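Engineer: sequence unavailable; structure follows:
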């Protein structure tokens, strides 16, 4: 079980909520869309409730105000990565940070195999001493839990208990891809299809 394993395939947005007046209103949709992890560093909600993961604008809203409430421009990211990114334009992490382009070593260092991945790693300081230490620590915690505490492993590598029920949400502008709700983590858990860990 690998705590920092980037997705195999590029992100394809499942639902398409529209019409909210505040970016924070998209939060339950984004939590589900990004599997309760930071799109950049893969920090999980389950590990660090004190450090919030929240709505982030891929195209900075100050520079692109017309994209402030566009769902496709909203990401789920931790405060550290969001702060490091700031108002800069970077490569699309949902296309560049994939399992065949990015490897996290056991010592916590991230190795980018493509120029795009390396640019994101550098821009967000994902190999700073603090970031490497954080990842190494969690790699060791997960390894110990796997060996000695299987219940703790399930808690740390499993999905949050409070999975958002997207079928109950009513975006003011509707959902342009309503079929995506059936692929949500809550719906998969209800059907018995959600794995115990990921």
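Structural biologist: Great, that's in hand. This structure is a prediction, so every number in the text was calculated from the model and none was measured.
Engineer: pull out the buried residues from the longest helix seen in the chain.
Structural biologist: Among the segments of the chain that qualify as a helix by DSSP state H, the longest is helix 129-148. Along helix 129-148, the positions that meet the burial threshold by neighbour count (16 or more other CB atoms under 10 Å) are 131, 132, 134, 135, 136, 138, 139, 141, 142, 145, 146. All C-beta spots, glycine's among them, are computed from the backbone N, C-alpha and C.
Engineer: what does stretch 90-109 give?
Structural biologist: Going by neighbour count (16+ other CB under 10 Å), the buried part of stretch 90-109 is 90, 91, 93, 94, 96, 97, 98, 101, 102, 104, 108.
Engineer: one more: stretch 182-193?
Structural biologist: By 16+ other CB under 10 Å, the buried positions in stretch 182-193 come out as 184, 185, 186, 187.
Engineer: just for this protein, where's the confidence low?
Structural biologist: Using pLDDT under 70 as the threshold, the predicted model of the chain has low-confidence ranges 50-51.
Engineer: and the helices in it, which stretches?
Structural biologist: For the chain, applying DSSP H gives helices covering 27-33, 79-85, 93-96, 115-123, 129-148, 150-157, 185-190.
Engineer: now the last one: how far from the chain's centre is it?
Structural biologist: Taking the mean of its C-alpha atoms, helix 185-190 sits 18 Å from the chain's own mean (CA atoms, centre = their mean, to the nearest Å).
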